[in-house]
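[1] fold the following and give me the result.
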Amino acid sequence: MLAEYLPTLLFLIVATGIGIALIIIGNLVGPKKPSAEKLSPYECGFLPFEDARMQFDVRYYLIAIQFIIFDLEIIFIVPWTQVFMEIGARSLVTMGLFVGMLFLGFVYVWKRGALEWE
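    Below is the predicted model:
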């Protein structure tokens, strides 16, 4: 039974070996000329002008939560489309209610202005 896992184990060993070998070769062969400019953090070409610990607007988090909700909708809809013919017309009504409730939630969020960004 363990012989069935041998190709997977071999793949993991080879992949790990290639990864480690590439890191070592890059460190040995790559150029090493550090300067103050190369070691400084990248800030879009200009010096940072604010603290990195600034507060984000709550709307940022609302948009993120909405993205997760609508992403989860896809998780439920895609498998349903694969087995729709097997589970019958009742599932069409159920999925219609599900999508309808999500659409009503989207309209509510839209009317409340949560999608507006300044």
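[2] give me the buried positions along stretch 31-39.
    Buried residues in stretch 31-39, counting neighbours by 16 or more other CB atoms under 10 Å, are absent. C-beta here means a position set from N, CA and C on the backbone, and glycine is covered the same way.
[3] what do you get for stretch 15-28?
    Applying 16+ other CB under 10 Å to stretch 15-28 flags no residue as buried.
[4] chain center to it: distance?
    27 Å (CA atoms, centre = their mean, to the nearest Å).
[5] just the CA trace of that stretch, in CSV.
    Extracted C-alpha coordinates of stretch 15-28, given in CSV (Å, rounded to 0.1, in the frame of the first residue of the first chain):
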residue,chain,number,x,y,z
ALA,A,15,10.8,19.6,-6.0
THR,A,16,12.4,20.4,-2.6
GLY,A,17,15.9,19.6,-4.0
ILE,A,18,15.3,21.9,-7.0
GLY,A,19,14.1,24.7,-4.8
ILE,A,20,17.0,24.5,-2.4
ALA,A,21,19.5,24.2,-5.3
LEU,A,22,18.1,27.3,-7.0
ILE,A,23,18.3,29.3,-3.8
ILE,A,24,21.9,28.3,-3.2
ILE,A,25,23.0,28.9,-6.9
GLY,A,26,21.3,32.3,-6.8
ASN,A,27,23.2,33.3,-3.6
LEU,A,28,26.6,32.0,-5.0
